[in-house]
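Q: Got a sequence here, can you model it:
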Amino acid sequence: MATKLLFWLLGRFLDERTRNRSARPSEGGSGSPSVQQSSATPGKRKGARAADRGQRLAGDPEPLQRVLLVPRGRIAVLLEDGLPPRLATPATYLWPPIVPLRRPITLIPVTTEVVRLVLRVYDLVTFDGHEIPRVVVELSVQVDAADGYSKLLRLAAADGIELEAELLARAQRELGNEVQVAVRMNRLAHLRRLTLSEVLNLRGLPHELAGGALAVRTVNVTDVAWPDEEPGDPDEPEDAPAESAQPAELDLSTDARLRRIWSTHTETPLDGIASAQVGDSTTVVAVPHTPLGLADRLTLKEAFRRHLEDRSLTLVSTPAASYADVVQGWFREVDSNAARLVSVRALEPDSLRIIVDQAVRSRDGNSEQSIGTAADRLALRRLLPHTRVEFVTADDAAELADRRR
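A: Numbers count the residues shown, from 1 in each chain. As a prediction, this is how the structure comes out:
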């Protein structure tokens, strides 16, 4: 029996050697078999999937049955029953198992190049109640190699041959949540004026998706199904004053020293700017006509840090067409979950009420203390012209409305 097994192994070795020699290209070629181009190259998806997802992140799983060479720009995830996934890097030879029926190895080729994905997000609702049926987002991503592809291997251990499908599902879910929040925090007119792409960039989209397995390089909104109807704010109570009762133009305060610093470092026009220092925390809140570019933002932040002598200074910069827009932009940058902002109400000409979700109430029952820092809140109050700016939970706002009735 042992002799037969020995001859079988020898025959397999000679057969592989013969096939490799016959498949070897003529002089000037690579000289070694490699992971097949058809499966390892994540090109465009066929049929309907091409319109839905863009390019492929990985090739189809296939059994490892012959010696292969992982080419440049590719890695290979190797799945073997009873063992954790293994990773093969470029210029690595992959050897098939001696007894493939007993311990088969499945190969999943993954690209390390930048890949274009097209994701769709459906059924969005703006801050003022408009429904946006569909948003198409095109982004370029790359498998993150910063940690040696450990996040990719963790997904492979959990999902096996469904690795690519799980990468796409996670990316769709995480990006969809970000788009949902960005739309929910802005009025339709604001989204149209700045474009949804600019709003997403201002919000600060994540630099990674799929649990960190994919690094995001660029994000661009390619199509928006804008609504035709204008239903107004569904959260507006019957006895709440309409936003049109607010001044037609913003009347924001402006700190003369901060304006001079602003004008020195950028040509972007400014509607208002204020700052506050409370303890070790310093915040500057500015309302420019148009969004700041990244270079201007970094330059201004450094200038304000020097002027106010605080290296940990927070700069909030948000274009706005109304006081509600000012609060929404401020909330996005100072709170960890911008979706908790419910609405902004102008109760009187000099009073503004900011209604937040019940979940933000602090342990002592004070909703204000759980939003940003004391410097963040004081800077906002100094910027706005209202003599009274209050933070209340949605439940408290409903109770106050019932009392007025």
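
Q: so where is the chain shaky, pLDDT-wise?
A: Counting by pLDDT under 70, the chain has low-confidence residues at 1-53, 99-102, 194, 199-205, 229-249, 336-339, 348-349, 358-369, 395-405.

Q: For Pro84, see how far away Val356 is.
A: With distances defined as Cβ to Cβ, to the nearest Å, the gap from Val356 to Pro84 amounts to 45 Å. Just so you know, the C-beta spots here come from the backbone N, C-alpha and C atoms, and that holds for glycine as well.

Q: Tell me which of those two has more neighbours.
A: For Val356 versus Pro84, the count of surrounding residues by other Cβ atoms under 10 Å is larger for Val356: 23 against 10.

Q: check contacts around that one.
A: For Val356, the contacting residues are 340-342, 367, 371, 391-394, by Cβ atoms under 8 Å, 6 or more residues apart in numbering.

Q: Enumerate the beta-bridge partners assigned to it.
A: Note on Val356: beta-bridge partners by DSSP bridges are Leu341, Thr393.

Q: Please name the strands paired to the strand ranked longest in the chain in the sheet, noting orientation.
A: Longest strand of the chain, by residue count under DSSP state E: strand 131-143. Listed by DSSP bridges, the sheet partners of strand 131-143 and their directions read strand 115-125 (antiparallel), strand 214-224 (antiparallel).

Q: mind putting these in TSV, distance to Asp325 and mean neighbour count included?
A: As requested, the strands paired with strand 131-143 are exported to TSV (distance: least, Cβ to Cβ, whole Å; neighbours: other Cβ atoms under 10 Å):
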stretch	distance to Asp325	mean neighbour count
strand 115-125	17	17
strand 214-224	19	16
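
Q: I'd like those strands written out as TSV, with distance to Ser351 added.
A: Rendered in TSV, the data for the strands paired with strand 131-143 read as follows (distance: least, Cβ to Cβ, whole Å):
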stretch	distance to Ser351
strand 115-125	27
strand 214-224	35
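
Q: I'd like to know which of those strands lies nearest to Leu196.
A: Closest approach to Leu196 among these is made by strand 214-224 (4.6 Å; Cβ to Cβ).

Q: ok, residues contacting the closest one?
A: Counting contacts by Cβ under 8 Å, 6+ apart, the residues outside strand 214-224 that touch it are 57, 114, 118, 132, 134-144, 146, 167, 171, 195-197, 200-201, 205-209.

Q: now do 7 Å
A: Identification of contacts with strand 214-224 by Cβ atoms under 7 Å, 6 or more residues apart in numbering yields 114, 132, 135-144, 167, 171, 196-197, 200, 205-209.

Q: what's the answer for stretch 285-304, then?
A: For stretch 285-304, using Cβ under 7 Å, 6+ apart, the contacting residues are 194, 198, 202, 252, 261-262, 265-266, 268-274, 284, 313, 315-320, 326, 330, 379-380, 383.

Q: and these, which are buried?
A: When those are checked for burial by 16 or more other Cβ atoms under 10 Å, the buried set is 194, 202, 252, 261-262, 265-266, 268, 270-274, 284, 313, 315-320, 326, 330, 379-380, 383.

Q: mind listing the helices for the stretch 151-300 of the chain?
A: Listed in chain order, the helices found in the stretch 151-300 of the chain under DSSP state H, counting those that start in this stretch are 163-184, 188-194, 196-203, 256-265, 294-308.

Q: cool, the stretch 301-405 of the chain as well?
A: With DSSP H, counting those that start in this stretch as the criterion, the stretch 301-405 of the chain has helices at 323-334, 374-383, 394-404.

Q: helices and strands around the second one, which ones?
A: Pointing back at helix 374-383 there. Under the contact definition 3 or more Cβ pairs under 7 Å, 6 or more residues apart in numbering; DSSP states H and E, helix 374-383 sits against strand 270-278, strand 281-288.

Q: Looking at those, which is nearest to Leu79?
A: In terms of Cβ to Cβ, the element of the helices and strands packed on helix 374-383 nearest to Leu79 is strand 281-288, at 50.1 Å.

Q: send the alpha carbons of the closest one over as PDB?
A: Written as PDB, here are the backbone C-alpha positions of strand 281-288 (Å, rounded to 0.1, in the frame of the first residue of the first chain):
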ATOM      1  CA  SER A 281     -11.900  74.300  26.000                       C
ATOM      2  CA  THR A 282     -12.000  76.900  23.200                       C
ATOM      3  CA  THR A 283     -14.400  77.000  20.300                       C
ATOM      4  CA  VAL A 284     -14.800  79.300  17.300                       C
ATOM      5  CA  VAL A 285     -18.000  79.200  15.300                       C
ATOM      6  CA  ALA A 286     -18.100  80.800  11.900                       C
ATOM      7  CA  VAL A 287     -20.700  81.100   9.200                       C
ATOM      8  CA  PRO A 288     -19.100  81.700   5.800                       C
END
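
Q: Compute the inter-axis angle for it and helix 323-334.
A: What separates the directions of strand 281-288 and helix 323-334 is an angle of 140 degrees, with axes from the mean of the first three to the mean of the last three Cα atoms, to 10 degrees.

Q: who's in contact with the closest residue to Gln328 other than its chain neighbours?
A: Residue nearest to Gln328 in three dimensions, not counting chain neighbours: Met185, with 5.2 Å by Cβ to Cβ, 6 or more residues apart in numbering. In this structure, Met185 makes contact with 127, 328, 332, 338, 341, judged by Cβ under 7 Å, 6+ apart.

Q: Give the burial count for the third one, as a bare number.
A: Just to be clear, that refers to Arg332. When counting by other Cβ under 10 Å, one arrives at 21 neighbours for Arg332.

Q: repeat for the second one
A: Around Gln328 sit 23 other residues, with neighbours defined as other Cβ under 10 Å.

Q: residues contacting it?
A: The neighbourhood of Gln328, defined by Cβ under 7 Å, 6+ apart, consists of 127, 185-186, 341.

Q: at 10 Å instead, please
A: Contact partners of Gln328, counting by Cβ atoms under 10 Å, 6 or more residues apart in numbering, are 127, 184-187, 190, 318, 320, 322, 338, 341, 343-344, 354.

Q: same thing with the last one?
A: Under the criterion of Cβ under 10 Å, 6+ apart, the neighbours of Leu341 are 127, 181, 184-185, 324, 327-328, 330-332, 335, 354-357, 360, 371.

Q: go with 7 Å
A: Leu341 makes contacts with 185, 328, 331, 356, as judged by Cβ under 7 Å, 6+ apart.

Q: Relative to Pro97, which of the residues you listed is nearest.
A: Out of those, the one with the shortest distance to Pro97 is Met185. That distance is 53.9 Å, counting by Cβ to Cβ.
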